[in-house]
Structure formats: C-alpha cells, structure tokens
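Visitor: kindly return the folded structure for what I paste below:
(2 chains)
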There are 2 protein chains.
Amino acid sequence: MQIEIWSDVKCPWCFVGKRRFEKALETFPHRDQVEVTWKSYQLDPDLPDHYDGTEQQYLAERKGIEPEQVQQMWEQLSAQATGEGLNFDFHSVVVGNSFSAHRFLHLAKSLGKADAAKEAILSAHFEQGKDTSDVDFLVKLGAGLGISEEDVRDTMSTGRFADDVRHDIREARTLGISGVPFFVIDRKYGISGAQPAELFREALDKAWQEANPLVVVGHSQDGETCGPNGC
Amino acid sequence: MQIEIWSDVKCPWCFVGKRRFEKALETFPHRDQVEVTWKSYQLDPDLPDHYDGTEQQYLAERKGIEPEQVQQMWEQLSAQATGEGLNFDFHSVVVGNSFSAHRFLHLAKSLGKADAAKEAILSAHFEQGKDTSDVDFLVKLGAGLGISEEDVRDTMSTGRFADDVRHDIREARTLGISGVPFFVIDRKYGISGAQPAELFREALDKAWQEANPLVVVGHSQDGETCGPNGC
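Guide: A predicted model of the protein is given here:
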C-alpha cells in the first residue's frame, strides 16, 4: 500500500498529524506492506530564506492575524501537540522559507533516510528553535542522520533536488490539495488534516479491504464505539 | 440525503455520537434535505429484560472488565459526554435487554416521533437511571412524546415491531457493522463511532458534493490543517 503525505516543515498540524498517523500505522496489521513517501509542500513560497522577525510578527504582518488570535491558536495547537507527546515552543520558532529544508529532505530520501530526516527537521523547527534554512545547522542535522557533510554542503550550494520539491508541489495542485497535512492512500483516498489516529486506521483498513477483497478484515474499531466486548 | 444511524439504547458512545452528529447537522446548509433514520442495534441481545445487578457487576460478570478498568472507562466517557452537554450517571444505570426499548422506538418512528423518542430514551437510561424495559415507565415516556398509553401497552404486550428491530440488526450485519454508533450516508459512506462533529460535517459535505455534482462546493476545511492563510 502506497501512502503519500504532503506536508510542510513550517506546518504545526503536519507534526501533530504525523504522530497521529504513526499511531494508526503502529496498530495496522499490514504495516509491513505500507510504503510511506513524504512529499514537499510550501505554505508560503514567497518568504525570504530568513525572515527578519518573530513568528508572531510574521503572522501579523503577512497573514493579518491579530496577536491575541495567534496566542489562542498556539494554545490550542500546543495542547493538541502535548497530547501527542510533542513540545512546541512557538516563541523560539525561526521564520523563513522552507525550500532549503525540503531540498535537504529530498537528499535524505535519496539516501533512504526520509522518515528520520522529516522527524528531525520538524522537531528542530517546532521544539528546538533551530534555523532549518541554515546550512551549518543542516550539516549538523545531517551528521546525526548519517548524511555526510559533503552531501549536505553540495546539495545546499547547488540547486540539487529543487526540481523534486517543485514536482511534489505541482502534484499537490493536480490532486486538489490546498492545505496540509494531506494523506493519500493508493492515489485513491485522501485524508485532509491531523485527523484522529482512529480515522487514519479506519482509512487504512478500508483501503486495504478494497485492495484485498478476498481477505476478510474485521471491522475497524476506534476508541469511541461500543461493541459486543465493551466500549 | 439519507442518513441511517445504527445505535443501541445501552450504548454510551451512541448518545455522545448523537450530539456530535447533531452539531454537524446544525451547521450543514442542506440540513433541510437530510432524512435521519434511527436503526436498532443490540450490544448484548442475550441479556434478560431485567439484570439482577449494577452496570459495574454486569461488565465484570459478562464482559470480564475489571472494576478499575470500568471506572477508568466511565471517567473517560463522562468527560466526553460532559463536553457535549450530557450528564451521565453510570452508577444509577439500570441494566437490561434493550429489545423492548427498540420496539418502543419503532412505535415512535411509526408515529413520526423517532428522534424525540431516541433522545428521551437515551437520557432516561444514562442520565436519569430509568428502567427502559419497564412498561409503566415507557407509558410515561410515551405520554411526554404524545404517544397514547394504549399504543404503548398494546405494543409492549404483543410482539409488535419485533420484526423491525430484527430487520435493522440483520442489515447492520450485512453492512459489516460490528460496533455502534454507526452512521451510513446514502448507503455509500460509513462512519464508525462518536467521531468529532467536524468529521461528520466533512462527510456530509462530501456526500452532498457527490450527489449534487453540478453545485460547485469549495474544498472542505477542518480545524486541523494549515493553508496559505495560516493554521
């Protein structure tokens, strides 16, 4: 089963959604036959590499979101993130264009390290206040993932993997994706947003059942139903 | 649009799910064209009409659920129920077979009072500690709904509507339903469990869009995505 996930490095729900999806996948009996592909998406492709201001200033200036509204949004987001074991620190977030980070992720993917890189870069951005456009930082991040300094510097100093990033974004447009995270199963089912793990699990079951009609798969259970064995 | 909801009188998530579904329906622009049909389902068809014991004893004895586990379950359930404006009182719940209650509900349905009856009987069971197998109580409940005493007594003393209850349960089996609440839209989409209102709303939108292809509907938004204008 092919699962593609469009997501941006600078998208908090993408991190929350990643956790919820992983939780669903963990309980999915056919998880060994699931291949996950991370796809690039940019919420704000027009940002400079380094934006001169805080996340709050950025949201006020470029998105017109009032500080109180931002505060409310962050509180809600942080609560949901905490529920998934994440520790968001919005006040330390470094604002900038995510294009370099996406090229780095494609480099990692080419070396079979896509998932670990995605996790590391989201954590760096949302939990550790790191500048994921900074080449020296990416070199350090790469080192932790077993990616050579030469590979990272070479990728960053040239336009390497830029076409891959653009290709992902074009594909998203073709599929009608206008927000992330967005999960696509077998190019058949689309799931928009950081849905509950139960919903992901149900979608996995449904897609599996359809692709494997001869295998009788038990009805998906989520936490909020009652069945013969209790609630 | 046809929406069928399989549900049991003795199923706490069914009550929570009813509220969440109603919340979604309230905001749905085409709600006037939605027809909701309540369908019978029994979590424990083998129970006697009146079980001699508390809900906790029942869950321990017949489902093998430890008291501490029950307590935890109830706390979680109560919290969710409170969030939907419900006031569950598990300690006063009267345990018994729900078949009579389902026959009563089919009587109400035949008189165009299905929704009010469903609401009243769930509240009676979970919030008011009433015995929904007791004919005298059902007479009282019916009176509040404008159902004559004669109709209730006649239904209860004969096998009236028993076939309707069994028919619903058979249908559930055919559709692969093994837990409730279970929501089916236009016999095309199935939603399992007391999902968030947003999820129900998304399903309504999606089903409506498919059934009305000439109407251009914007991409559905839920709370947990990030788009060009923020999160």
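Visitor: quick one: secondary structure of residue A:50?
Guide: Using DSSP: H, G, I helix; E, B strand; the rest coil, the structure places residue A:50 in coil.
Visitor: quick one: residues contacting the residue lying closest to it once chain neighbours are set aside.
Guide: Spatially, and ignoring its direct neighbours in sequence, residue A:50 is nearest to residue A:96 (4.9 Å; C-beta to C-beta, 6 or more residues apart in numbering or on different chains). Just so you know, the C-beta spots here come from the backbone N, C-alpha and C atoms, and that holds for glycine as well. Contact analysis of residue A:96 by C-beta atoms under 8 Å, 6 or more residues apart in numbering or on different chains lists A:47, A:48, A:49, A:50, A:51, A:131, A:132, A:133.
Visitor: same check, this time on residue A:225
Guide: Residues in contact with residue A:225 (C-beta under 8 Å, 6+ apart) are A:231, B:13, B:179, B:180, B:181, B:182, B:192, B:193, B:194.
Visitor: how much space between the closest residue to the last one other than its chain neighbours and residue A:192?
Guide: Which is residue B:194. Distances taken as C-beta to C-beta, 6+ apart put residue B:17 closest to residue B:194, at 3.4 Å, once the chain neighbours are dropped. Distance of residue B:17 to residue A:192, given as C-beta to C-beta, to the nearest Å: 21 Å.
Visitor: residue A:203 too?
Guide: Between residue A:203 and residue A:192 the computed distance is 11 Å (C-beta to C-beta).
Visitor: mind listing the shared neighbours of those two?
Guide: Shared contacts of residue A:203 and residue A:192 (C-beta under 8 Å, 6+ apart): residue A:183.
Visitor: per-residue pLDDT, residue A:218?
Guide: In this model, residue A:218 is scored at 24, pLDDT.
Visitor: re the thing from before, where is pLDDT lowest across the contacts of residue A:225?
Guide: Among those, residue A:231 carries the lowest pLDDT, at 78.
Visitor: I'd like to know how many residues surround that one.
Guide: Residues near residue A:231, counting by other C-beta atoms under 10 Å in any protein chain shown, number 24.
Visitor: what residues are up against it?
Guide: Contacts of residue A:231 by C-beta under 8 Å, 6+ apart are A:225, B:11, B:12, B:13, B:73, B:77.
Visitor: is the residue nearest to residue A:50 part of a helix or strand, or is it coil?
Guide: Classified using three-state DSSP, residue A:96 is coil.
Visitor: okay, the contacts of residue A:231 in a markdown table with secondary structure next?
Guide: Converted to a markdown table, these look like this (three-state DSSP):
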| residue | secondary structure |
| --- | --- |
| A:225 | coil |
| B:11 | coil |
| B:12 | helix |
| B:13 | helix |
| B:73 | helix |
| B:77 | helix |
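Visitor: follow-up on the earlier one: distance of the residue nearest to residue B:194 relative to residue A:226?
Guide: Residue B:17 is 10 Å from residue A:226, by C-beta to C-beta.
Visitor: before we move on, what about residue A:6?
Guide: Going from residue A:6 to residue A:226 by C-beta to C-beta gives 35 Å.
Visitor: tell me the pLDDT of the residue nearest to residue A:50.
Guide: The model's pLDDT for residue A:96 equals 91.
Visitor: please enumerate the helices of chain A.
Guide: Assigned by DSSP state H, chain A shows helices spanning A:12-27, A:55-63, A:67-83, A:99-110, A:114-126, A:135-145, A:149-157, A:162-175, A:197-211.
Visitor: which of those helices sits closest to residue B:140?
Guide: Smallest distance to residue B:140 across the helices of chain A (C-beta to C-beta): 38.2 Å, for helix A:197-211.
Visitor: what mean pLDDT does that closest one get?
Guide: 83.
Visitor: how about that helix, does it reach chain B?
Guide: Yes. On the criterion C-beta under 8 Å from any C-beta of the partner chain, helix A:197-211 is in touch with chain B at A:198, A:199, A:202.
Visitor: put together JSON lines for the residues you listed, with neighbour count and distance to residue A:40 on each row.
Guide: Below are these laid out as JSON lines (neighbours: other C-beta atoms under 10 Å in any protein chain shown; distance: C-beta to C-beta, whole Å):
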{"residue": "A:198", "neighbour count": "22", "distance to residue A:40": "28"}
{"residue": "A:199", "neighbour count": "25", "distance to residue A:40": "24"}
{"residue": "A:202", "neighbour count": "23", "distance to residue A:40": "27"}
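Visitor: distance to residue A:104 for these - can I get that in CSV?
Guide: Listed next are those as CSV, based on distance: C-beta to C-beta, whole Å:
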residue, distance to residue A:104
A:198, 33
A:199, 30
A:202, 33
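Visitor: what's the closest of those to residue B:69?
Guide: residue A:198 (19.5 Å).
Visitor: the closest one and residue B:196 touch, don't they?
Guide: No. Using C-beta atoms under 8 Å as the test, residue A:198 is too far from residue B:196 to be in contact (10.2 Å).
Visitor: which one in chain A is furthest away from the centre?
Guide: If you look at how far each residue of chain A sits from its centre, by C-alpha atoms, centre = their mean, the farthest one is residue A:228, at 36.7 Å.
Visitor: of the helices of chain A, which stretch is the most buried?
Guide: Highest mean neighbour count among these (mean count of other C-beta atoms under 10 Å in any protein chain shown): helix A:99-110, with a mean of 24.
Visitor: is it in proximity to chain B?
Guide: No. Shown here: helix A:99-110 not in contact with chain B (C-beta under 8 Å from any C-beta), separated by at least 15.0 Å.
Visitor: quick one, phi/psi of the residue nearest to residue A:50?
Guide: Dihedral pair for residue A:96: phi 180, psi 170, per degrees, to the nearest 10.
Visitor: mind checking how far it is from chain B?
Guide: Distance, residue A:96 to chain B, by C-beta to the nearest C-beta, to the nearest Å: 16 Å.
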